[in-house]
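>>> build me a structure from this.
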Amino acid sequence: MISIMVLLILFLVVLILSFSFHLVGGLLKLLYHLVIGLPCAILCLIFGLLLCCTVICIPLGMGCFKLAGLVFSPFRPRFC
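Take a look at the predicted model:
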(Lines give C-alpha, C1' and ligand atoms only; values in the text may rest on other atoms or scores of the structure.)
Protein backbone atom coordinates (compact mmCIF):
# COMPACT_ATOMS: atom_id res chain seq x y z
CA MET A 1 0.00 0.00 0.00
CA ILE A 2 2.76 2.42 0.94
CA SER A 3 4.78 1.54 -2.16
CA ILE A 4 1.82 2.40 -4.40
CA MET A 5 1.47 5.78 -2.68
CA VAL A 6 5.21 6.47 -3.05
CA LEU A 7 5.04 5.59 -6.75
CA LEU A 8 2.01 7.84 -7.19
CA ILE A 9 3.77 10.75 -5.47
CA LEU A 10 6.90 10.22 -7.58
CA PHE A 11 4.77 10.15 -10.72
CA LEU A 12 3.06 13.41 -9.77
CA VAL A 13 6.41 15.07 -8.99
CA VAL A 14 7.82 14.03 -12.36
CA LEU A 15 4.66 15.23 -14.10
CA ILE A 16 4.77 18.63 -12.37
CA LEU A 17 8.50 19.08 -13.08
CA SER A 18 8.12 18.20 -16.75
CA PHE A 19 5.22 20.65 -17.10
CA SER A 20 7.19 23.43 -15.40
CA PHE A 21 10.26 22.83 -17.62
CA HIS A 22 8.01 22.91 -20.68
CA LEU A 23 6.47 26.17 -19.49
CA VAL A 24 9.87 27.76 -18.81
CA GLY A 25 11.17 26.63 -22.19
CA GLY A 26 8.18 28.19 -23.91
CA LEU A 27 8.71 31.46 -22.07
CA LEU A 28 12.39 31.51 -23.01
CA LYS A 29 11.54 30.89 -26.66
CA LEU A 30 9.02 33.73 -26.58
CA LEU A 31 11.57 36.03 -24.96
CA TYR A 32 14.17 35.10 -27.60
CA HIS A 33 11.74 35.75 -30.45
CA LEU A 34 10.67 39.15 -29.12
CA VAL A 35 14.02 40.49 -27.91
CA ILE A 36 16.58 38.97 -30.30
CA GLY A 37 14.91 37.18 -33.19
CA LEU A 38 12.45 39.78 -34.42
CA PRO A 39 14.81 42.81 -34.46
CA CYS A 40 17.61 40.82 -36.12
CA ALA A 41 15.23 39.42 -38.72
CA ILE A 42 13.90 42.89 -39.52
CA LEU A 43 17.44 44.23 -39.93
CA CYS A 44 18.39 41.32 -42.19
CA LEU A 45 15.31 41.96 -44.33
CA ILE A 46 16.12 45.67 -44.64
CA PHE A 47 19.73 44.98 -45.61
CA GLY A 48 18.56 42.30 -48.02
CA LEU A 49 16.26 44.77 -49.73
CA LEU A 50 19.05 47.33 -49.94
CA LEU A 51 21.47 44.80 -51.39
CA CYS A 52 18.94 43.61 -53.96
CA CYS A 53 18.74 47.14 -55.40
CA THR A 54 21.97 46.54 -57.30
CA VAL A 55 22.41 43.73 -59.82
CA ILE A 56 25.80 42.64 -58.49
CA CYS A 57 24.67 42.25 -54.85
CA ILE A 58 21.49 40.21 -55.48
CA PRO A 59 23.12 36.95 -54.23
CA LEU A 60 24.12 38.72 -51.01
CA GLY A 61 20.58 40.03 -50.62
CA MET A 62 19.18 36.53 -51.04
CA GLY A 63 21.62 35.34 -48.39
CA CYS A 64 20.31 38.04 -46.05
CA PHE A 65 16.76 36.79 -46.61
CA LYS A 66 17.81 33.24 -45.74
CA LEU A 67 19.65 34.53 -42.67
CA ALA A 68 16.52 36.38 -41.54
CA GLY A 69 14.57 33.13 -41.58
CA LEU A 70 17.32 31.33 -39.70
CA VAL A 71 17.62 34.05 -37.05
CA PHE A 72 13.88 34.19 -36.42
CA SER A 73 13.44 30.45 -35.97
CA PRO A 74 16.78 28.77 -35.27
CA PHE A 75 15.38 25.48 -33.94
CA ARG A 76 13.23 24.59 -36.95
CA PRO A 77 14.76 21.89 -39.18
CA ARG A 78 16.06 23.10 -42.54
CA PHE A 79 16.05 20.96 -45.65
CA CYS A 80 17.63 23.39 -48.15
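
>>> what number of residues lie near Cys64?
Residues near Cys64, counting by other CB atoms under 10 Å, number 20. Glycine gets a C-beta too; all of them are placed from N, C-alpha and C.

>>> which SSE is it in?
If you go by DSSP states H and E, Cys64 is part of helix 58-72.

>>> need the residues that contact that helix.
Contacts to helix 58-72, defined as CB atoms under 8 Å, 6 or more residues apart in numbering, come from residues 33, 36-38, 40-42, 44-45, 47-52, 78.

>>> please repeat the previous calculation with a cut-off of 7 Å.
Contacts of helix 58-72 with the rest of the structure, by CB atoms under 7 Å, 6 or more residues apart in numbering, involve 37-38, 40-41, 44-45, 47-48, 51-52.

>>> as CSV, those with distance to Lys66 and pLDDT would be great.
Below are these laid out as CSV (distance: CB to CB, whole Å; pLDDT from 0 to 100):
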residue, distance to Lys66, pLDDT
Gly37, 15, 85
Leu38, 17, 88
Cys40, 13, 90
Ala41, 11, 89
Cys44, 9, 92
Leu45, 11, 93
Phe47, 12, 94
Gly48, 9, 94
Leu51, 12, 93
Cys52, 13, 93
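
>>> mind checking which of those are buried?
With neighbours counted by 16 or more other CB atoms under 10 Å, these contain buried members at 37, 41, 44-45, 47-48, 51-52.

>>> can you pull up the most central residue in the protein?
Ser73 (4.3 Å; CA atoms, centre = their mean).

>>> so what's it closest to, chain neighbours aside?
Among residues not flanking Ser73 along the chain, Gly37 sits closest, at 7.4 Å (CB to CB, 6 or more residues apart in numbering).

>>> what do you get for Leu51?
Gly61 (3.6 Å).

>>> His33 now?
Nearest one to His33, counting by CB to CB, 6+ apart, is Phe72 at 7.1 Å.
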